[in-house]
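**Student:** Fold the following for me, if possible:
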Amino acid sequence: MTSYTLNAEGITGALFTRVKRHPARIALDYYGRKFTYKELGEEISRYRAMVHHLTNGEAGERVALFMPNIPQFVFAYYGAIAAKGIAVLINFASIVKDLKTKPPRKVVITDDLKSQFIDSDPRVILVADILLPVLLQMGDEFLNQRIVLVAGVGEYLPAVKKLLYPIKAKIEGRWVSIPKEGGIKKLNEFLRQFENSPHAEIKTGNLDGIAQILYTTGTTGVPKGIMLTHQNLLSNSWQCREHLGEVFEEGEVVLSVLPLFHSYGLIASLYISLIELGGILVLLPSFTPKDTISAIKRCRITVCPAVNKIFQKLYEAGISRESCLSLKFWMSGAGRLDPELKKEFEQAAGVPVLEGYGLSETSPVISITRIGENKPGSVGQPVPDTSVRIVNIENGGEVKTGEEGEILVRGPQVMAGYYNKPEETKKALRDGWLYTGDIGYIDKDGFIYITDRKKEMSSVSGENVFWHQVESLLLKHPSVKKCAVIGVHHKETGEAIVAFVLLDKEDSLKDVKKYAGSSHNKLLVPREIIQVSEKVFSDWEDALGKLQKRKIKTYYETGRYQGRLISNGV
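**Tutor:** Sure, this is the predicted structure:
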């Protein structure tokens, strides 16, 4: 158990403590449209009343949130939990690239997304209008059994921007009309009947109750719902603040550019910012260097959580000390930050970058570096109330200090388990410890270092990509006879996918590239595809004919491959 007292009323109880303490303080800022804590509480109360009505007051009903970082996500998240429901965060990373480059009606739903909806089986789905065409591809048989409410991404914009948004969206081909037939309703119209609902004074009475299900690809490549309790999330929020106590202050202004459906973005925004710090949360639905730098200046951001790709893009865009005058520090997570990029970025921005390590299964934070700590390559020491062990990969025995092995974690932030997957839960949680599948070591001072992965997967821009999924995709091409996929370090995305292929035609590599690039799930598109010979594949095989991925990785790192290399730039 945690060493501090959690709010017995759970997540919404903790938040409403903030609402009562400083009702006039600004809580949210969405492109200049601001909400005070009092207004935040009122909106959550409306959503709570709505969810209670739609679920007949039944505890544990699942409410799916299929939305980017818009105010409705925040209101619906807390509202669902306040109504004793479970917020289901639909991870749509597999279509993010398409959403940026195509009209919504041309974005194809992925198997990854379908699996999340089917597995969670929500009673209610709250979807952003720009994502509605994707949701509709689930089909009438599925949707007719749900209550679907559509949130407008322009609904809460300031007056002038709200007026211009439909014009801009129509010009860009991003305007979505809501079908008049069927049971799909506009969220803002449906909410009107719940005006002036009393504040969500809810006492959960059970901090071990499930508050949310967050989807990640887990250990098999099939999306798994990670069940997190009120205690998990509140504990991790407190752990982060306690660990960085000397730099975190009341009222910090936090930029929320990371997706709220991701555990890192969620804990930094809805928990550390609002619940722990009573701060101002500035919402950006998607990342661009221009919008991010503008928001930092306009809103005087003090803390900015980010990932490898964001740091790289901001550095390339010319981030400067002048644009970061209000910032106290940056935070990095969802994959190791390239040491050289970290050094270059800190010099350009004039602000330190604190690097963390975590998993969705740990709510997510396990460790964070502190300002002034100089341990190159380290992801810091564990946050309070967190135990970390390193065990031998083969036999599970203890290893010596500084020796590599699998990382095990124990603490109040460790998940309750995987939704509907008891066997997978048993594999991950053993004797009170979470087996992370990450390889690393701890030095004599207690600092953690991540060196590799036990699982055949990579974390690309914070999203799990399993190598066998990419191999399966490429092997469907008629010219690909053999395929082997690995993950390698990459400066921009933390890790990147590299595929080696054996082809039956000398001129088919371009076709394979085109085929891979056409995948609806852009996470599965390799950054590099390298053509090698039959002999090379044979050299990688062990006595039983199994490919040895460590040999392949060494082959790549030493640059010993022959043949043509292509980059898809993913």
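
**Student:** Quickly list what Val501 is bridged to.
**Tutor:** Cys483, Gln531 (DSSP bridges).

**Student:** what's the burial count for it?
**Tutor:** 26 (other C-beta atoms under 10 Å). Where C-beta positions appear, they are placed from N, C-alpha and C, glycine not excepted.

**Student:** Pro198 too?
**Tutor:** So Pro198, with other C-beta under 10 Å, has 9 neighbours.

**Student:** Isn't it up against Arg46?
**Tutor:** No - using C-beta atoms under 8 Å, Pro198 is not in contact with Arg46, being 10.3 Å away.

**Student:** So this structure: which segments form each domain?
**Tutor:** Here the domain parsing of the chain from automatic domain parsing is 10-286, 381-453, 458-567.

**Student:** weakest of those in terms of mean pLDDT?
**Tutor:** Comparing mean pLDDT across the domains of the chain, the weakest is domain 458-567, with a mean of 80.

**Student:** would a markdown table of the domains of the chain with distance to Pro352 be doable?
**Tutor:** What follows is the domains of the chain, written out as a markdown table (distance: least, C-beta to C-beta, whole Å):
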| stretch | distance to Pro352 |
| --- | --- |
| domain 10-286 | 9 |
| domain 381-453 | 16 |
| domain 458-567 | 19 |
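
**Student:** of all the ones you listed, which gets the most neighbours per residue?
**Tutor:** domain 10-286 (a mean of 20; mean count of other C-beta atoms under 10 Å).

**Student:** Lys481 contacts Lys505, correct?
**Tutor:** No - between Lys481 and Lys505 there is no contact, the gap being 9.9 Å when judged by C-beta under 8 Å.

**Student:** which stretch among the domains of the chain comes nearest Gln312?
**Tutor:** Each of those was scored for nearness to Gln312 using C-beta to C-beta, and the closest is domain 458-567 (4.0 Å).

**Student:** related to what we said a few turns ago, tell me which of the domains of the chain lies nearest to Gly372.
**Tutor:** With C-beta to C-beta as the measure, domain 10-286 is the member of the domains of the chain nearest Gly372 (9.9 Å).

**Student:** so how far is Pro23 from the nearest residue to Phe194 once chain neighbours are set aside?
**Tutor:** Once flanking residues are discounted, Phe194 sits nearest to Ala49: 4.2 Å by C-beta to C-beta, 6 or more residues apart in numbering. Going from Ala49 to Pro23 by C-beta to C-beta, to the nearest Å gives 20 Å.

**Student:** Could you pick out the longest helix of the protein?
**Tutor:** helix 37-54 (DSSP state H).

**Student:** For stretch 416-424, what is the distance to the chain centroid?
**Tutor:** 19 Å (C-alpha atoms, centre = their mean, to the nearest Å).

**Student:** Could you tell me the end-to-end distance of it?
**Tutor:** End-to-end span of stretch 416-424 (C-alpha to C-alpha, to the nearest Å): 12 Å.

**Student:** Identify the residues contacting the residue nearest to Phe194.
**Tutor:** 83, 194, 197 (C-beta atoms under 8 Å, 6 or more residues apart in numbering).

**Student:** swap in Leu233?
**Tutor:** Leu233 touches 11, 211-212, 267, 271, 363, 413, counting by C-beta under 8 Å, 6+ apart.

**Student:** before we move on, what about Gly350?
**Tutor:** Applying C-beta under 8 Å, 6+ apart, the residues contacting Gly350 are 321, 324.
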